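[1] sequence and predicted structure, then a few things I'm wondering about:
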There are 2 protein chains.
Amino acid sequence: MKVIISSFFFLFTSLLLHAQNGHQLWLRDKKALPVHVICKQNSPTLTIARQELHDSWQGAPGATISLIIKKDRAVKVDGFKLNENVIQANTDKGILYGVYELLRNQQTGGKPKGGVDNPSYQFRILDHWDNPDGSIERGYAGNSIFWRKQDPFTVTDEDKKLWQEYARANASIGINGSVLNNVNASPMILTPDYLNRAKVIASLLRPYGVKIYLSVNFASPVSLGGFKTADPLDPAVMAWWKNKVKEIYSIIPDFGGFLVKASSEGQPGPQNYGRTHADGANMLADALNPFGGLVMWRAFVYSANNEDRAKQAYDEFMPLDGKFRDNVIIQVKNGPIDFQAREPFSPLFGAMKKTSVMPEFQVTQEYLGHAVYVVFLSTMWEECLQSDTYQQGKGSIVARCTDGSIFPQKNTAIAGVSNIGLDTNWCGNHFAQANWYAFGRLAWNDTLKSGQIADEWIKLTFYGDSSQKSGEADYTGDWTKNFLVPVKQMMIDSREAAVNFMTPLGLHHIMSANGHYGPGPWWAPKGIRPDWTPPYYHQASTNGIGFDRTKKGSDAISQYHEPLSSEFNNVATCPEKFLLWFHHLPWDYKMKDGRTLWDDLCYRYDTGVNQVREFQKIWDKAGPFVDSTRFMEVQRKLREQEINAVLWKDACLLYFQQFSRMPIPYDIERPVNNLDDIIKNDTRRGDGRSH
Amino acid sequence: MKVIISSFFFLFTSLLLHAQNGHQLWLRDKKALPVHVICKQNSPTLTIARQELHDSWQGAPGATISLIIKKDRAVKVDGFKLNENVIQANTDKGILYGVYELLRNQQTGGKPKGGVDNPSYQFRILDHWDNPDGSIERGYAGNSIFWRKQDPFTVTDEDKKLWQEYARANASIGINGSVLNNVNASPMILTPDYLNRAKVIASLLRPYGVKIYLSVNFASPVSLGGFKTADPLDPAVMAWWKNKVKEIYSIIPDFGGFLVKASSEGQPGPQNYGRTHADGANMLADALNPFGGLVMWRAFVYSANNEDRAKQAYDEFMPLDGKFRDNVIIQVKNGPIDFQAREPFSPLFGAMKKTSVMPEFQVTQEYLGHAVYVVFLSTMWEECLQSDTYQQGKGSIVARCTDGSIFPQKNTAIAGVSNIGLDTNWCGNHFAQANWYAFGRLAWNDTLKSGQIADEWIKLTFYGDSSQKSGEADYTGDWTKNFLVPVKQMMIDSREAAVNFMTPLGLHHIMSANGHYGPGPWWAPKGIRPDWTPPYYHQASTNGIGFDRTKKGSDAISQYHEPLSSEFNNVATCPEKFLLWFHHLPWDYKMKDGRTLWDDLCYRYDTGVNQVREFQKIWDKAGPFVDSTRFMEVQRKLREQEINAVLWKDACLLYFQQFSRMPIPYDIERPVNNLDDIIKNDTRRGDGRSH
């Protein structure tokens, strides 16, 4: 993202610290100290491991470090054993991960926990919603790094350099898979030209241990094979897929597999032919099985019927539990609706006991301010992973239900929808890099705390840029007190701030249909399916607000295991953060703090705005410790976020006030925007589609 | 001003109080009580006086009130004597003013001071900057009520009704003159068609005691008479004017006279022919003298030379003191620059001892937020009128220097540049009506306090609209506590708030050249005369900020009488409200409160923003006591004002920070706008011309 700055501003800032453009992410060049590396084996991956040690060593000068590949039953898949200056693993990939862990600890002043370090999930995957034409659906950091419109099949040195940098960044945080294209998949991706470009990408990612995957369009046999049908039980269709898979593996021998969005939001799928999701997924699984390929089949389905959308994925997939092949994994979004700022966890987690289930998180900030807001998503994902499903008794948290701790799964995996594009800083907002980082770290270790992840990221990303001396890390002085501590606090609070000024108390899906940025609780054009309109979700009227999902309502609460089910069903025990998700309540409902629901809503919106203003102060105070370019780019983002936060507050309070008919408490700041103006200005209308 | 409100908003507000559109100003219909009126004489004016009593009487039911015209040497010009139920005056106009005074007291619960009540100024005039094509220079309430583009010379019944309402409103506050056209005058105004329309206007205003005047273009003999010159000493030119004046009086026998902007900002004038302002003014005065007409000659002159613009009017006119005819009045703006939010008084007041001088105030909010801001200008005018010039010793305040108390003037006058247009509520902003009202009240009594004026206006304008019972005024209950008191406080504080968020500490002329709305301290295109650019006035650099008008600088302070001159010259004694008007100071200059100049500047801008937010709260709380239409229209204005106040604060702090190189104190809210964006968005460029 480039910032146009008027001439005198250049003058001004040229007086500040030297510039960093953020392209190096958390892997900025270091003045390395000498180190001896001993390693008997050899491989491209081990060469990288060696090089990283030489380029970044910050430990004892002249130390000797040994890299040993040796089978060890305690060490799983990509895991490693790290003791003093010895890194042992079953594979060269394991060695590489061990090296990054060691270097990270040196740079962040962390202590290697020592001993065996195995990843929580076997498959730690970034899903790219990149289209063959180079555009990115819900991408906010420029066009695709993989595909482009102009001269689409030439591979330049810049391409290779970028793919290598991308692979290295992923390897450094343990990500080992990339789905190269959008889940709303173009059949074209399976044509030779694209497969051959994918082959080159794969060759650059391979040494870093990153496998490539493709999203496929279920109707490919029709559009590419010229078939009349894509019926998964049709032998010709099966054969077509078998051949296509064979072709893919002949080009990319270590191809990872398919990601499929089928019978969902207009995408073709088995249901077009009266078949089940299991029929569709298994057919592809059988084609991939001989090559060890995976099928990641998305559970993000809902039809335009009268059933509560929040219930539909569960209703659709539970009957199919146990009917899927071993190499199928059901990919489930963290919440039952769609990547909202806050949702309860999806009831499918832990409920499907005889099927591999993988969480899908959204790293790109579709509903969280795009590349504008500073929102650290780690806390949201941690909240989901730590949620107790009670499916196998207390402690059956989502993490343990999906990482194989509770249910023996042949395959465990986790996916994050990428926020990466061609922008110099990869993610549009410097702080959005922290979400890419956090996803990788949590995918490796689903017990990590967001505070530690933020701490690591800040040190790796900013330390040494400014006044304080570069080189060996010293986290005792001013930098820690005036930069690390407050900026970490900002990150930890940032997601709750966004919830407060957008959708407090369990409100959801009230954003502008136009691009999912900004408020739009009123949006409901005639003829559009209700479950794409905000009024369907907030149910505001003069009687009250909220979606009744109790036994008296849609009964979505029954999809949760006891005691959760009853806890959610009872307004007295339902956590207030989910209050309007599960309950429709009168405006004068008394909250725990004694306020009316209306007043409480007002205060929460106002709190959100003031939190963003506090972030602005924190960042401005941190100015002396950051290079001028990144300082000013983030400063501008926070200003834009404040303006949008005020817009959210004004729009929602003025809109809902028409129903509550109650005054906005006079001790909070008054709206400065007019509801009719906000509605008028939000003229462009999106189709409200998500993914 | 019409507010577009989306459908449901109508629904919403229709539940609130019944609507008032503000067209009735402070003269809303009342349920009148019976009264007997005795009056021997008769005249159109007396008929109005009688009618007003019958229509609005709120005193003792069935009371008898006598109107007596009788010469009384204690009663001057339009004055009257009011005792119990007897109004005595020398003229029927005096009677009418007495009636309005009596009715105003009844409605506002005020006590008639009784006895003689003479106006401070003989001529109490509204200057309309209306053009023959119907547009209004610096008008923010729609087009002219007098002139129009389409079918310009037809007079409709609507025209007559409007002119009558206008005349009545003026009479009710003592205004007795109207200049019907812009000081940047088109010669066309003196052609028969326009004079005949003016004649009709005069006929509607006459019964209400309002005389009409015209602004004339000094070069009219050239453009209309086909002369080669407009030299005031040219006999043919003199003759042309004598004839033109004779023609005017043949059409409008009680014509008031001319307002002239000559040799100023490109307007033609005597200096084009090497003559003085006295030569020009006297020539016109001689033409008008036989008919008792006046010449109001503006002192708003400054040339594109290197002399401090603030000094030029004084330098130009002082040498001419005593050289003007008796029927010439020099019209002097309140301050030496140009209607800024705050200026010290013009040094010409009290300095010209042998010439009639009249103050010119600006009722239209050219530099004070147009029709958007709620700014009660009475406090600004009071500040000017009460300023001590020391010209004849302590107590020689501007009021007494111009109303004849100190210097025997044949004529005393005061002018206000009108804020009136075709908008339903006349002034664009309901609160702008208070400025029209305040000008009239101060013109009648230049010792009035703004608190009393605001009190009257609020009662007349809002009381009885809402919950509390209509009819007899009861100012003891809720209405007073929750509406009158806080709204009055808002009005009293409103001008200082605008000074704070626009031009605190004596800053001036740093507004956007584009329409004089919003900030523009940076504006200085190449080639434009410096005294039209903000940097000329703020003089900001890394060394400091402010215009040095001390002895070491432009020495403008010497135009003020001692002890003022020395008080302004000495930074230690110069009032902080004028600090940067008279002094250029380093950014770290220590203010009285111990803060640095930079910090103090920041806090004042921030204070201004928070004052506007406080006004929003006051108004929202007052909601239950105001009809919905006016409530919502004002509410929207205040929202827009808050957004513009934040823009002012951000723009000025970020712009000046480039020079101060000091941080904005962290306990105040951070900027949310980017300086380069503000500059980019303010693309349309005005020529910086004023009037």
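    Perfect, thanks for sending it. Residues are numbered from 1 along each chain as shown, chains lettered A, B, ... in the order given.

[2] residue contacts, residue A:591?
    Each residue near residue A:591 by C-beta atoms under 8 Å, 6 or more residues apart in numbering or on different chains is listed here: A:576, A:597, A:600. (Each C-beta comes from the backbone N, C-alpha and C, glycine too.)

[3] same question but for residue A:67, I mixed them up
    Counted by C-beta under 8 Å, 6+ apart, residue A:67 has contacts A:37-39, A:46, A:49-50, A:87, A:95, A:98-99.

[4] for the helix of greatest length in chain A, packing partners?
    Counting residues, the longest helix found in chain A (DSSP state H) is helix A:628-660. Applying 3 or more C-beta pairs under 8 Å, 6 or more residues apart in numbering or on different chains; DSSP states H and E, one finds that helix A:628-660 contacts helix A:7-14, helix A:485-502, helix A:597-622, helix A:675-681, helix B:7-13.

[5] can you name the next helix or strand after the first one?
    Using DSSP states H and E, the helix or strand that follows helix A:7-14 in sequence is strand A:35-39.

[6] thinking again about what came up before, what's the farthest-apart pair in the contacts of residue A:67?
    Of all pairs drawn from these, the greatest distance, 14.0 Å, lies between A:38 and A:98 (C-beta to C-beta).

[7] in terms of neighbours, single out the busier of those two.
    Of the pair residue A:38 and residue A:98, residue A:98 is the one with more neighbours under other C-beta atoms under 10 Å in any protein chain shown, namely 26 against 12.

[8] report the contact partners of that one.
    Counted by C-beta under 8 Å, 6+ apart, residue A:98 has contacts A:67, A:80-82, A:87-89, A:117.

[9] can you do 7 Å?
    Residues near residue A:98 by C-beta atoms under 7 Å, 6 or more residues apart in numbering or on different chains: A:80, A:82, A:87, A:89.

[10] again, but for residue A:524
    A:533, A:535.

[11] how does it look with 8 Å?
    A:530, A:533-536.

[12] wait, is it part of a strand?
    No. Residue A:524: not assigned to a strand; according to DSSP: H, G, I helix; E, B strand; the rest coil it is coil.

[13] look up how far chain B lies from it.
    Going from residue A:524 to chain B by C-beta to the nearest C-beta, to the nearest Å gives 12 Å.

[14] repeat that for residue A:511.
    Counting by C-beta to the nearest C-beta, the gap from residue A:511 to chain B is 19 Å.

[15] was I right to think that residue contacts residue A:368?
    No. Using C-beta atoms under 8 Å, residue A:511 makes no contact with residue A:368, being 9.8 Å away.

[16] give me the residue from the stretch 301-450 of chain A nearest chain B.
    residue A:372 (12.6 Å; C-beta to the nearest C-beta).

[17] test my guess that that residue contacts residue A:644.
    Yes. The pair residue A:372 / residue A:644 is scored as a contact, 6.7 Å apart, by C-beta under 8 Å.

[18] got any residues that touch both of the two?
    Going by C-beta under 8 Å, 6+ apart, residues that sit against residue A:372 and also against residue A:644 are residue A:517.

[19] please tell me how far residue A:256 sits from chain B.
    The separation that residue A:256 has from chain B, given C-beta to the nearest C-beta, amounts to 44 Å.

[20] list the contacts of that residue.
    A:123, A:125, A:177, A:211-213, A:293-294.

[21] for stretch A:349-362, what is the distance to the chain centroid?
    The chain centroid and the centroid of stretch A:349-362 are separated by 16 Å, computed with C-alpha atoms, centre = their mean, to the nearest Å.

[22] likewise stretch A:267-285?
    Using C-alpha atoms, centre = their mean, the offset of stretch A:267-285 from its chain centre is 26 Å.

[23] next one: stretch A:164-172
    17 Å.
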